[in-house]
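Peer 1: starting from these lines, generate the structure:
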Amino acid sequence: MPRLAEIWKPSYAIFFLLIVVGSFLAGAWYSKRGARPGSAPSGRRILYYIDPMHPAYKSDKPGIAPDCGMQLEPVYADSGTSDAEGTDPSSLPPGTIHLGPDKQQIIGVQLGQVEKSPGTRMVRLLGRVAADETRVYRLNAAIDGWIRETFDNSTGSLVKKDEVLASFYSPEFIPAEQPYLYALVSLNASQETGKEAFDKIARTKPTLQLYLANLRNLGMSESQIQEITRTRQLTQNIWITSPAMGFILVRNVSVGQRFEKGTEIYRIADLSQVWILADIFENEAQYFRPGASARVILPSLGKVFQAKVSSVLPQFDPNSRTLKMRLEMDNPDYTLRPDMFVDVELPVRLPPAITVPADAVLDSGLKKTVFVERGNGYFEPRRVETGSRYGDRVEILRGLEPGERIVISGNFLIDSESRMKLAAAGLYGDLNKDPVCGMDVTEGKAKAAGRTREYHGKTYYFCSDHCREQFRNDPERYVKPPAGTSSPSSAAGNQKEQPKQEAGAHQDPVCGMDVEAHEAKAAGLKSEYRGKTYYFCSEHCKQDFDKNQERYLRQGAAERAHD
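Peer 2: Numbers count the residues shown, from 1 in each chain. From the prediction side, this is the model:
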């Protein structure tokens with residue numbers, strides 16, 4: 001019995017080892033059988049695999065991308081990026097990237113809507129304070145003389161009206177004063193009774209006015225004329241008085257100074273009202289209409305004043321190639337002085353225009369790019385043409401339509417990823433439309449492959465040799481003649497155009513190319529919309545039209561209205 005137990009002990013060990021190995025093999029077989037294609041270890045169902053550089057490439061099995069050698073990425077049923085969700089990656093232009101909700105949150109992507117609305121633009125200019133020319137008084141010597149006395153005033157002093165500034169002597173005043181005083185005495189002596197006295201007064205008054213005019217022409221002020229009229233005494237010190245309340249800008253007097261006729265003795269400016277002179281460009285002159293209100297800001301003191309645009313037309317400065325605009329304003333407390341610099345702000349109401357936040361536009365110098373949301377996490381880089389800037393918004397002249405959603409925050413990181421994607425795919429240079437099929441073509445790639453052609457001084461780029469040959473055979477079919485010109489095919493007149501229409505020629509509503517109806521029908525390039533049949537030159541144009549018919553119909557109507 002003990003001998004039999006010794007025999008069975010090795011058998012038990014071998015049997016146990018066989019059970020362990022069998023269990024391991026059965027588990028491995030079950031795992032392999034359970035990992036069927038179309039499933040993932042996490043339980044998420046895989047729809048297909050795509051090339052991360054070219055989302056249009058799809059595969060039912062995992063593997064390596066044929067173009068860039070990268071690992072294919074799975075597309076899950078719950079990721080919201082399947083074709084069933086309404087976004088076909090193959091129809092998106094190069095550079096389009098996909099970002100899931102989690103990645104958008106990490107990057108900090110914020111979306112905004114393109115709007116078309118009227119706005120207010122604040123035009124800001126640098127202005128210079130100048131004295132009102134109609135309030136500047138120049139005191140010039142009417143005769144030769146000598147300065148006999150000066151008073152407490154200097155350049156920059158504020159003087160009152162009729163204030164005596166200085167006095168001078170001239171020998172020409174005594175002969176002018178004496179007849180005036182004799183006429184006054186004669187007038188007083190004749191103021192008696194009777195007809196003879198009345199006739200004498202009538203004869204004396206015109207003579208008296210002549211003497212007064214002579215004193216004024218020699219430079220005697222009204223206040224001094226009234227003084228000698230009251231005292232009936234001759235004077236040798238002739239006063240120089242201020243004609244208005246203002247500041248002395250020029251003072252050319254000193255005691256004993258001899259001056260000649262015509263010499264500028266004083267220059268006084270009334271600064272209760274001043275001008276603001278600003279340089280504007282020709283395209284901004286339309287905003288500065290006479291009577292328009294503007295704000296004048298003195299930055300050093302933080303004060304704000306109200307001004308109005310003068311009715312005087314701006315003067316053109318040939319040196320700076322700008323217009324000199326004038327604003328008129330009150331100057332309380334004489335705060336503004338000539339030659340001070342101020343800021344001028346003029347609010348301008350603008351017509352409705354398409355605008356986007358300024359942060360949404362990436363400006364590289366040679367081109368401006370905006371990322372447009374295409375749905376399901378796809379973002380398309382689109383080149384735009386910008387106009388004026390209104391505060392924190394920029395006018396878009398071409399490239400966007402109202403209602404589209406764009407990236408307004410986080411676009412720098414999206415742009416970096418889009419550039420890396422284009423670089424990995426070998427797409428360098430600007431994108432152009434293939435005139436034959438309408439596909440996006442990279443200039444550098446087309447040049448390297450020799451798929452370019454010159455026509456009428458312009459270079460066209462093609463996606464394939466087939467499109468290039470079609471263009472070479474009939475370029476007039478794919479190139480629209482400039483406005484106001486006619487192509488050679490239409491030079492023969494309307495007689496050749498009519499048979500073409502009868503043969504069934506139609507215009508592709510997407511790219512505008514002429515399409516033969518029978519050729520489009522044979523290729524299946526047609527669509528029905530609201531009871532009307534539309535024909536297309538390529539499958540790409542047909543897919544774009546089917547996604548948004550109203551967009552291309554509105555665009556065509558707008559072009560016809562513009563023409």
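Peer 1: any idea which element the residue positioned nearest the centre of the chain lies in?
Peer 2: Of all residues in the chain, the one closest to the mean position by C-alpha atoms, centre = their mean is Ser388, 1.5 Å from it. Ser388 is part of strand 378-390 when elements are defined by DSSP states H and E.
Peer 1: same thing with Val255?
Peer 2: Take DSSP H and E as the rule and Val255 turns out to sit in neither a helix nor a strand.
Peer 1: any idea how many residues pack against it?
Peer 2: Here the neighbour count serves as a burial measure; for Val255 (other C-beta atoms under 10 Å) it reads 10. Yep, even glycine has a C-beta here, placed from its N, CA and C like the rest.
Peer 1: do the same with Phe259
Peer 2: Counted with other C-beta under 10 Å, the burial measure for Phe259 works out to 19 neighbours.
Peer 1: OK, contacts around it?
Peer 2: Contacts here follow C-beta atoms under 8 Å, 6 or more residues apart in numbering; on that basis Phe259 touches 141, 144-147, 168, 252, 265.
Peer 1: just the ones of those residues in helices?
Peer 2: Secondary structure defined by DSSP state H assigns none of the contacts of Phe259 to helices.
Peer 1: ok, which pair from the residues you listed is furthest apart?
Peer 2: The largest separation in the contacts of Phe259, counting by C-beta to C-beta, is between Asp144 and Asn252 at 14.8 Å.
Peer 1: SS state for Glu519?
Peer 2: helix (DSSP: H, G, I helix; E, B strand; the rest coil).
Peer 1: what do you get for Met325?
Peer 2: Under the three-state scheme (three-state DSSP), the conformation of Met325 reads as strand.
Peer 1: please name the residues that touch Arg405.
Peer 2: Arg405 sits next to 111-114, 372-373 when contact means C-beta under 8 Å, 6+ apart.
Peer 1: look at Leu366 and say how many residues are nearby.
Peer 2: Neighbour count of Leu366, defined by other C-beta under 10 Å: 6.
Peer 1: that one: what secondary structure?
Peer 2: coil.
Peer 1: domains for the chain, by residue range?
Peer 2: 1-34, 44-91, 97-110+353-424, 122-132+271-349, 133-269, 433-481+495-562 (automatic domain parsing).
Peer 1: will you turn those domains into JSON lines that also has mean pLDDT?
Peer 2: Formatted as JSON lines, the entries for the domains of the chain read as follows, by pLDDT from 0 to 100:
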{"stretch": "domain 1-34", "mean pLDDT": "55"}
{"stretch": "domain 44-91", "mean pLDDT": "64"}
{"stretch": "domain 97-110+353-424", "mean pLDDT": "81"}
{"stretch": "domain 122-132+271-349", "mean pLDDT": "88"}
{"stretch": "domain 133-269", "mean pLDDT": "84"}
{"stretch": "domain 433-481+495-562", "mean pLDDT": "75"}
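Peer 1: before we move on, the earlier item: what's the closest of the contacts of Phe259 to Arg383?
Peer 2: Set against Arg383, the nearest of the contacts of Phe259 by C-beta to C-beta is Asn252 (65.6 Å).
Peer 1: how close does the closest one get to Thr150?
Peer 2: With the distance defined as C-beta to C-beta, to the nearest Å, Asn252 ends up 11 Å from Thr150.
Peer 1: those two: who's more crowded?
Peer 2: Under the criterion of other C-beta under 10 Å, the comparison of Asn252 against Thr150 puts Thr150 first, with 18 against 15.
Peer 1: I'd say that one and Val255 touch.
Peer 2: Yes. Under the criterion of C-beta atoms under 8 Å, Thr150 is in contact with Val255, at a separation of 5.8 Å.
Peer 1: start and end of stretch 308-318, how far apart?
Peer 2: 25 Å (C-alpha to C-alpha, to the nearest Å).
Peer 1: how about stretch 459-471?
Peer 2: According to C-alpha to C-alpha, stretch 459-471 extends 12 Å from its N-terminal end residue to its C-terminal end residue.
Peer 1: repeat for stretch 211-226
Peer 2: Between the opening and closing residues of stretch 211-226 lies a distance of 13 Å (C-alpha to C-alpha).
Peer 1: buried stuff in it?
Peer 2: Of the residues in stretch 211-226, those buried by neighbour count under the rule 16 or more other C-beta atoms under 10 Å are 211-212, 214-215, 218-221, 224.
Peer 1: stretch 167-177 too?
Peer 2: For stretch 167-177, burial by neighbour count (16+ other C-beta under 10 Å) applies to 167-168, 170, 173, 176-177.
Peer 1: share the number of residues neighbouring the residue nearest to His456 when sequence neighbours are not counted, please.
Peer 2: Using C-beta to C-beta, 6 or more residues apart in numbering and skipping residues adjacent in sequence, the residue nearest His456 is Val479, 7.5 Å away. Taking other C-beta under 10 Å as the criterion, the count of residues near Val479 is 16.
Peer 1: again, but for Ile228
Peer 2: Residue crowding around Ile228 was assessed by other C-beta under 10 Å; the count is 17.
Peer 1: just checking, it touches Leu181?
Peer 2: Yes. Counting by C-beta under 8 Å, Ile228 does reach Leu181; the two are 7.2 Å apart.
Peer 1: any common contacting residues for the two?
Peer 2: Going by C-beta under 8 Å, 6+ apart, residues that sit against Ile228 and also against Leu181 are Leu234.
Peer 1: run through who's touching stretch 387-397.
Peer 2: Contacts of stretch 387-397 (C-beta under 8 Å, 6+ apart): 114, 119-122, 350, 353-361, 370, 384-386.
Peer 1: restricting to C-alpha, output the strand holding Ser388 in CSV.
Peer 2: In CSV, the C-alpha atoms belonging to strand 378-390 read as follows (Å, rounded to 0.1, in the frame of the first residue of the first chain):
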residue,chain,number,x,y,z
TYR,A,378,-14.7,70.2,-36.8
PHE,A,379,-13.1,73.6,-37.3
GLU,A,380,-12.2,74.9,-40.7
PRO,A,381,-9.5,77.5,-41.3
ARG,A,382,-10.9,80.1,-43.7
ARG,A,383,-9.1,83.1,-45.2
VAL,A,384,-10.9,86.4,-44.9
GLU,A,385,-10.5,90.0,-46.1
THR,A,386,-10.9,92.6,-43.4
GLY,A,387,-12.0,96.2,-43.5
SER,A,388,-12.2,98.8,-40.8
ARG,A,389,-11.9,98.1,-37.1
TYR,A,390,-14.6,99.4,-34.8
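Peer 1: give the buried residues for the following helix or strand past that strand.
Peer 2: Counting by DSSP H and E, the next helix or strand C-terminal to strand 378-390 is strand 393-398. Using 16+ other C-beta under 10 Å as the test for burial, strand 393-398 gives 393-396.
Peer 1: same deal with stretch 231-244?
Peer 2: For stretch 231-244, the buried set under the neighbour-count rule, 16+ other C-beta under 10 Å, comprises 235, 238-243.
Peer 1: want to throw the residues you listed into a markdown table with secondary structure and distance to Pro62?
Peer 2: A markdown table is the format used below for the buried residues of stretch 231-244 (DSSP: H, G, I helix; E, B strand; the rest coil; distance: C-beta to C-beta, whole Å):
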| residue | secondary structure | distance to Pro62 |
| --- | --- | --- |
| Thr235 | coil | 116 |
| Ile238 | strand | 110 |
| Trp239 | strand | 107 |
| Ile240 | strand | 103 |
| Thr241 | strand | 103 |
| Ser242 | coil | 98 |
| Pro243 | coil | 98 |
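Peer 1: just give me the closest of the residues you listed to Glu282.
Peer 2: Sorting the buried residues of stretch 231-244 by how near they are to Glu282, with C-beta to C-beta, puts Pro243 at the top with 39.6 Å.
Peer 1: now that closest one: phi and psi?
Peer 2: Note on Pro243: backbone dihedrals following degrees, to the nearest 10 are phi -80, psi -10.
Peer 1: burial count for Gly145?
Peer 2: Residues near Gly145, counting by other C-beta under 10 Å, number 24.
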